[in-house]
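[1] Return atomic coordinates for the entry below.
(chains A and B)
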Amino acid sequence: MTAVPGISLRNVCKTYRSRGSEVVALEDINLDCPPGSFTALIGPSGCGKSTAMRIALGLEDHDSGEVRIAGQAPATATASGITGVAFQDAALLPWRSVARNIALPLEVLDRDPSRYSHEITKLIELVGLKGYENALPGQLSGGMRQRVSIARSLITSPEVLFMDEPFGALDQIRRRQMNVELQRIWQETGSTALLVTHGIDEAVFLADQVVVMHANPGRVIEVIASPFARPRRDDLYSTPEFHALTDRIAGVLHGQ
Amino acid sequence: MANRRRFRHSPVLRNLLILLMVWEVAGQLKLVAGGALPPLSDIAIRFWQDRADYPGHVAATVWSSTLGFLIGNVLAIGAGVLFVLFPKVQRLARGVNIAVFALPAIAIAPILVLTLEGNAPRIVLAALGVYFVTMSATVVGLSQYDTRAADVIRAYGGGNWKVMRLVRLRGAVPDILGGLRIAAPNAVLGAILAEFGGGGRWGLGTYLLGSLGRGEPARLWGIGLMATLIAGLSYAVFALISARVLGSTRSVTLNTALPPDGADADAPLGLRVSLAVGAAVLPFVLWWAFIRLTGVPEMIARTPWGVVDYLFLADSSAVARAKLGAALLETLPITALGMVAGLGFAFLLAIASRMMPGFIRAFMPVALVTQTMPLVALTPLLVLMLGRGLSVTLWITISVTFFPAFVLLVQGIQRVPQSVLDLPRAYGASAWKELRMVSVPAALPYLFAATRLTVPRALLGVMIAEWLATGTGLGNLLNQSRGYLDYGMIWTVASVSVCLSVAFYYAVLAVERRTLTRLGMQVVE
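    Next up, the predicted model:
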């Protein structure tokens, strides 16, 4: 393999075995996210999209195949701080202020958070939480907590950004606002992004390529480009081209 | 919501005032047992007259219980962390943990007094009183952490230790504080019990013992209330810390169940069996080691084998067995009867209170105060009022089982989601039908848990009553044996009562698991 940034999964397989029964979570998954691109992974519950991401993050082992993050093995890549991650739940530590939650990855990576105070301030501004530096997560709304979680995922200036349904807990309106913001943030950082989502319109709105997966066994069915010009704005949702593409993806998703 | 309920003090205050007024009137008119319940004003006057005595005794008790509290909690938190990191160690220590939980403090107080010197018995008994509570709270707190937050740590290459340091330890603090809150009155109770059972010059237990024969109800009440006040304050301090510092709204009683077992269901049979055997043997090994390490003469300190010898092999073993058997026959039926009555009463009242939430709000604080009242201070007062007959034993057993069971049951029933309650009503079910279909089954797991958890308290209550009041059963046998210097019998009573307590705990647990599994319910942990 040549050392290229981005994410690549080659023939990745994963089977869960428990008490005699076997579930094939991932069957021969191939995924290529070119540097600086935005990829959305979409599929029904249980299709293994989150598992694929967890494998790419080194949170789970795979049975066979090869995973490369910026040309490195997942564990090496994550431990060197070139990745960022945001989960469905904001997963903030309730006893840490917004600023200290954002600094958490630095502590895990044994870096000195005080050297990053400028970055932390900038990120808090970027996600629109200026003035909330010292607030505790319990004092924030769900949307604000998710924005903290996004800021946290960016603190290491990651080359590769992983997001597992980061706005899954938000309502449709909030979600669309956050998508616009996420696009802006991603464009400013220039990182490679992989988004796991249930929402077709979210995937089409954000991604350069939409990877559609099916369940039982989890596998990639089709990779569909989303060619709309950036920056994409709210009114994209109501264009006929947007609807045509979401309809097409829905068709693939439902096996038509 | 829980917060708002907790801080609505006014009805509680009002009820307290009413209670105090009724007390004063009843005392003045000598309504209870011919003046055994003195009016509050008499107690206050007596307290003022005795004011020179209190500081020394209070200081001694507070000192011993504080030391025991510190030592016991350091051990407990350390053990909790160890158990979480190494589930096999927890498995191995299970027998010791249950024995510590189940041992009736009064039974081992004489043993500690025999084998240790000076203040040590008080400190050890106080430490034993806090160990299990804090250990369980630590294990529960460390086990229930936010796995998503742990994923974030791991996603940046963090290992188990970083997860422990950044997520789990801090996350367990509310649970640990909750444990400390329950443990604090236990430490006071332990210290007073040891003072009571073991001479010395200072301490509230000593003071109580010295005042027992003097027929001065007002002084006994003064000491009892002082002991309750210290225990209650120790509870309040930690309640305040957890409420203020953490804003925690956790339940007021402890999660006394055993911490969840490590996932060892997949372990090979051989390992599981050897761990189980090790767990059963370890308490006896520790007992043996304790005696060897303290270096107390064989004559006084009995090893496990020494007890077997005393009870089954020695020349006088037949006499010993007869005495023990007779004592057990007196103690066990009354314990069982008291427990059944206490638990049944708690169950009925808890179910009924579902329909009267106002009653709960007024009654819960009273129930909580009784939880912190040191039993050994309560017993002489009940003796004053109820005499020395069987009824006093019965009442003590009922009261020590009723309150914890009631608190546990109410909390259990309150956990039933409103929607589940609404469902039968939406189909027009009567209150009675709703009760039968939802509330009673929902309370069942908590009734089992309450039974399991109150066994040691019930046995402790009965033995204290027997020792102090009725002169029957195991408690009396223990007291007599101290007088006769019958060391073998002291060790025998202590070990038999601990074993009984553990055996009963397991018996209830077995029935509980089977019943709840059949009903598709979870054992309350």
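
[2] after the helix or strand B:D422 falls within comes which helix or strand?
    According to DSSP states H and E, B:D422 maps onto helix B:418-426. Where DSSP H and E defines the elements, the next helix or strand beyond helix B:418-426 is helix B:431-434.

[3] Remind me what that following helix packs against, helices and strands.
    helix B:418-426 (3 or more CB pairs under 8 Å, 6 or more residues apart in numbering or on different chains; DSSP states H and E). C-beta coordinates here come from the backbone N, C-alpha and C atoms, glycine included.

[4] And for the helix it packs on, what's in contact with it?
    B:K433, B:E434, B:M437, B:V438, B:S439, B:A442 (CB atoms under 8 Å, 6 or more residues apart in numbering or on different chains).

[5] ok so the third one is a helix residue?
    If I follow you right, that is B:M437. Yes - using DSSP: H, G, I helix; E, B strand; the rest coil, the assignment for B:M437 is a helix.

[6] Roughly how far does it sit from chain A?
    B:M437 is 33 Å from chain A, where distance means CB to the nearest CB, to the nearest Å.

[7] residues touching the residue in the stretch 51-200 of chain A positioned nearest to chain B, list them.
    Here the residue of the stretch 51-200 of chain A nearest chain B is A:A79; by CB to the nearest CB that distance is 3.0 Å. Shown in contact with A:A79 (CB under 8 Å, 6+ apart): A:L109, B:Y156, B:G157.

[8] before we move on, back to that, only the C-alpha atoms, please, for the helix holding B:D422, written as CSV.
    What follows is helix B:418-426 as a C-alpha-only set of coordinates in CSV (Å, rounded to 0.1, in the frame of the first residue of the first chain):
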residue,chain,number,x,y,z
GLN,B,418,-46.6,5.9,34.4
SER,B,419,-47.5,4.5,31.0
VAL,B,420,-47.6,1.0,32.4
LEU,B,421,-49.9,2.1,35.1
ASP,B,422,-52.1,4.0,32.6
LEU,B,423,-52.6,1.0,30.3
PRO,B,424,-55.0,-1.0,32.6
ARG,B,425,-56.8,2.3,33.4
ALA,B,426,-57.1,3.1,29.8
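
[9] quick one: buried residues of it?
    The neighbour-count check on helix B:418-426 (16 or more other CB atoms under 10 Å in any protein chain shown) flags B:L421, B:P424 as buried.

[10] Run the chain-centre distance for that helix.
    Between the centre of helix B:418-426 and the centre of its chain there are 36 Å (CA atoms, centre = their mean, to the nearest Å).

[11] quick one: secondary structure of the nearest residue to A:G43 once chain neighbours are set aside?
    Spatial nearest neighbour of A:G43, excluding adjacent residues (CB to CB, 6 or more residues apart in numbering or on different chains): A:M213 at 3.3 Å. With three-state DSSP as the basis, A:M213 sits in strand.

[12] Just to check, A:M213 is in contact with A:A40?
    No - counting by CB atoms under 8 Å, A:M213 does not reach A:A40; the two are 10.8 Å apart.

[13] from the contacts of A:A79, which is closest to B:L142?
    B:Y156 (21.2 Å; CB to CB).

[14] Name the nearest residue to that closest one, sequence neighbours excluded.
    Leaving aside its sequence neighbours, B:Y156 sits nearest to A:V108 (CB to CB, 6+ apart; 4.2 Å).

[15] Do I have it right that B:L225 meets B:A44?
    No - with contact defined as CB under 8 Å, B:L225 does not count as touching B:A44 (9.8 Å).

[16] in the helix or strand hosting B:T397, what counts as buried?
    In the assignment (DSSP H and E), B:T397 maps to helix B:390-414. Within helix B:390-414, the residues that qualify as buried by neighbour count (16+ other CB under 10 Å) are B:390, B:392-413.

[17] buried stuff in stretch B:456-475?
    For stretch B:456-475, by 16+ other CB under 10 Å, it's B:456-470, B:472-475.

[18] residues in the stretch 101-250 of chain A within reach of chain B, list them.
    A:L104, A:P105, A:E107, A:V108, A:L109, A:G138, A:R152, A:T156, A:F162 (CB under 8 Å from any CB of the partner chain).

[19] Restricted to helices, list those residues.
    Counting by DSSP state H, the part of those found in helices is A:L104, A:P105, A:E107, A:V108, A:R152.

[20] Out of those residues, who's the most crowded?
    A:P105 (28 neighbours; other CB atoms under 10 Å in any protein chain shown).

[21] which residues touch that one?
    Taking CB under 8 Å, 6+ apart, we find A:P105 in contact with A:G81, A:G84, A:R152, A:I155, A:T156, B:V152, B:Y156.

[22] Burial check on the closest residue to it other than its chain neighbours, number of neighbours?
    Distance criterion CB to CB, 6+ apart; nearest residue to A:P105, sequence neighbours excluded, is B:Y156 at 4.7 Å. When neighbours are counted by other CB under 10 Å, B:Y156 registers 25.

[23] What of B:Q28?
    14.

[24] same question, the one 3 residues further on
    If you count neighbours by other CB under 10 Å, B:L31 ends up with 12.

[25] Enumerate every residue touching it.
    Shown in contact with B:L31 (CB under 8 Å, 6+ apart): B:V25, B:L37.

[26] which SSE is it in?
    Using DSSP H and E, B:L31 falls outside every helix and strand.

[27] what separates A:V67 from B:A137, distance-wise?
    Computed as CB to CB, to the nearest Å, the A:V67 to B:A137 distance reads 41 Å.

[28] list the contacts for the residue nearest to B:Y156?
    Contacts for A:V108 were tallied using CB under 8 Å, 6+ apart; they are B:I153, B:Y156, B:G157, B:G158, B:K162, B:L166.
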